[in-house]
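In: Kindly return the folded structure for what I paste below:
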Amino acid sequence: MPQKIYVGNLPKNIGNEVLTEKFSKYGHVCSAKIIKDRETNLSMGFGFVEMESPEEAERAIVNLNGSVFNGRSISVVEAKKSLLH
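Out: Residues are numbered from 1 along each chain as shown. Down below sits the predicted model:
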């Protein structure tokens, strides 16, 4: 069963492909999406990654939460259902 992960404090200049590549080291990435401002189409600095299994998601969370990505310390946590709606 796929598991969604919230990724915060992302560098503004990365795209979905870079996010996919970063997380694919920990398992199969079903999807990765940087959230963009509707008016400017610029990154809002956060996104969501969906991993194929809860085990892969947990591995990514443990290894990436608090890590430095392009000079920024990123937040990687299980996505809460309230964030997904």
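In: Can you classify the residue in the chain sticking out farthest from the centre as helix, strand or coil?
Out: With Cα atoms, centre = their mean as the measure, the chain has its most outlying C-alpha, relative to the mean C-alpha position, at residue 39: 22.0 Å. Under DSSP: H, G, I helix; E, B strand; the rest coil, the three-state class of residue 39 is coil.
In: what sits against it?
Out: For residue 39, no residue meets the contact criterion (Cβ atoms under 8 Å, 6 or more residues apart in numbering). Where C-beta positions appear, they are placed from N, C-alpha and C, glycine not excepted.
In: Just the local confidence number for it, please.
Out: As summarised for this prediction, residue 39 has a pLDDT of 96.
In: now residue 49
Out: According to the per-residue confidence, residue 49 scores 98 in pLDDT.
In: Residue 80 too?
Out: Residue 80 is given a pLDDT of 83.
In: got it, and residue 1?
Out: The predicted structure lists residue 1 with a pLDDT of 86.
In: Likewise for residue 83?
Out: At residue 83, the pLDDT value in this model is 51.
In: what does residue 67 give?
Out: The pLDDT attached to residue 67 in the predicted structure is 97.
In: List the residues that contact it.
Out: Contact analysis of residue 67 by Cβ under 8 Å, 6+ apart lists 73-74, 76.
In: Sort out which of those are buried, if you could.
Out: Among those, those buried by neighbour count (16 or more other Cβ atoms under 10 Å) are 74, 76.
In: so which of the contacts of residue 67 comes closest to residue 56?
Out: Checking the contacts of residue 67 against residue 56 with Cβ to Cβ, the nearest one is residue 76 at 12.7 Å.
In: wait, the closest one sits on residue 59?
Out: No. Counting by Cβ atoms under 8 Å, residue 76 stays clear of residue 59, with 10.9 Å between them.
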